[in-house]
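Participant: Quick one, what's the 3D model for this:
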Amino acid sequence: MANTAVEIPFYVSIDGVPLTGAAAEINFESLKLVDGTDKSGAAPSVSEIGGGWYKFSVAYGTAPFDAGDLVGVIDADKNGSNNLADSERFIPVEVRLDFYALMRLVNKMSQDKITGDMLLKDELDNTVLKLGITEAASTVDRAPGVAS
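Facilitator: Residues are numbered from 1 along each chain as shown. Predicted coordinates:
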């Protein structure tokens, strides 16, 4: 099973009024890893929550969130039909692996007694994130990975 998606919400307004019904006009202007690697080709789709709120979802281990933290800019008016000012139109976003760490505060975790691997689980017992354990002579490392 893959890791559970993290939903990233963002707000769009026009002259202070919530912009609704514009999901088809919203896409990523850019999406990159923090090292500058372009991930725009795997940018997720955007859907409307309501009242000017929109969201996109990504799961660690799955493109574009497959090699580290992401930064991007959402263009909330890609065709210019909503007449948004640039300050409303271009919305910076980030997706960080530590968003999953916040889930540890409210979700249960199980640990395999044999491998040491830890699984964060949601309320439906779905795996949110796997922390795989590797051992060297002097250290034990926990690294996020794709749940299988």
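Participant: What's opposite Pro9 in the beta bridge?
Facilitator: Beta-bridge partners for Pro9, by DSSP bridges, are Lys55.
Participant: what number of residues lie near it?
Facilitator: Number of residues near Pro9 (other Cβ atoms under 10 Å) recorded here: 10. C-betas here are computed from N, CA, C, even on glycine.
Participant: same thing with Leu70?
Facilitator: Leu70 has 23 neighbours, counted by other Cβ under 10 Å.
Participant: Then Ser30?
Facilitator: Neighbourhood size, Ser30 [other Cβ under 10 Å]: 15.
Participant: For it, which non-adjacent residue is closest in space?
Facilitator: Sequence neighbours aside, Val73 is the residue nearest to Ser30 in space, at 5.1 Å (criterion: Cβ to Cβ, 6 or more residues apart in numbering).
Participant: so that neighbour makes contact with Ile91?
Facilitator: Yes. Using Cβ atoms under 8 Å, Val73 makes contact with Ile91 at a distance of 6.8 Å.
Participant: re the thing from before, which element is the residue nearest to Ser30 on?
Facilitator: Taking DSSP states H and E as the definition, one finds Val73 inside strand 70-75.
Participant: Just the C-alphas of that strand, formatted as PDB.
Facilitator: Coordinates of each C-alpha in strand 70-75 appear next as PDB, following Å, rounded to 0.1, in the frame of the first residue of the first chain:
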ATOM      1  CA  LEU A  70       8.500  20.700  -2.700                       C
ATOM      2  CA  VAL A  71       8.000  24.400  -3.300                       C
ATOM      3  CA  GLY A  72       5.800  25.800  -6.000                       C
ATOM      4  CA  VAL A  73       3.600  28.600  -7.300                       C
ATOM      5  CA  ILE A  74       0.000  28.100  -8.200                       C
ATOM      6  CA  ASP A  75      -1.500  30.200 -10.900                       C
END
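Participant: All the helices of the protein, in order from the start?
Facilitator: Ranges of helices in the chain, per DSSP state H, are 86-89, 98-103.
Participant: Going by mean pLDDT, which of these comes out lowest?
Facilitator: In terms of mean pLDDT, the lowest-scoring of these is helix 98-103 (a mean of 68).
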